[in-house]
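Colleague: got a structure for you, letters missing:
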């Protein structure tokens with residue numbers, strides 16, 4: 001029989017700052033990886049979906065470039 005996990009109803013209120021910090025850190029890491037790999041990102045801006053947005057908030061080429069693995 002599966003054991004049901006009980007989540008307190010005020011979890012996100014009581015741990016909101018910690019959760020926000022972890023989500024912010026995760027998003028920043030994901031954006032850095034996208035920049036390193038020259039992958040586009042999608043954002044919603046002015047009611048439209050924009051793809052391949054420039055990373056104006058980061059210094060150009062400030063990250064080490066990852067070389068693809070050879071098979």
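Modeller: Nice, thanks for sending it over. These figures come from a predicted structure and were not determined experimentally.
Colleague: kindly state the pLDDT recorded for residue 20?
Modeller: With respect to pLDDT, residue 20 has a value of 93.
Colleague: helix, strand or coil for it?
Modeller: helix (DSSP: H, G, I helix; E, B strand; the rest coil).
Colleague: for residue 2, same thing?
Modeller: Criterion first, three-state DSSP; result for residue 2: coil.
Colleague: what about it, neighbour count?
Modeller: By the criterion of other Cβ atoms under 10 Å, residue 2 has 4 neighbours. All C-beta spots, glycine's among them, are computed from the backbone N, C-alpha and C.
Colleague: show me the contacts for it.
Modeller: By Cβ atoms under 8 Å, 6 or more residues apart in numbering, the contact list for residue 2 is empty.
Colleague: would you check how far apart it and residue 18 are?
Modeller: 28 Å (Cβ to Cβ, to the nearest Å).
Colleague: ok, now residue 33?
Modeller: For residue 33, the distance to residue 18 - Cβ to Cβ - is 23 Å.
Colleague: who has more neighbours out of those two?
Modeller: Neighbour totals were compared for residue 33 and residue 18, and residue 33 leads with 12 against 9 (other Cβ under 10 Å).
Colleague: buried ones in the helix or strand where the more buried one lies?
Modeller: For residue 33, the host element (DSSP states H and E) is helix 16-36. Neighbour-count burial for helix 16-36, counted by 16 or more other Cβ atoms under 10 Å, picks out residue 35.
Colleague: helices and strands around that helix, which ones?
Modeller: With contacts taken as 3 or more Cβ pairs under 8 Å, 6 or more residues apart in numbering; DSSP states H and E, helix 16-36 sits against no other helix or strand.
Colleague: lovely, talk soon.
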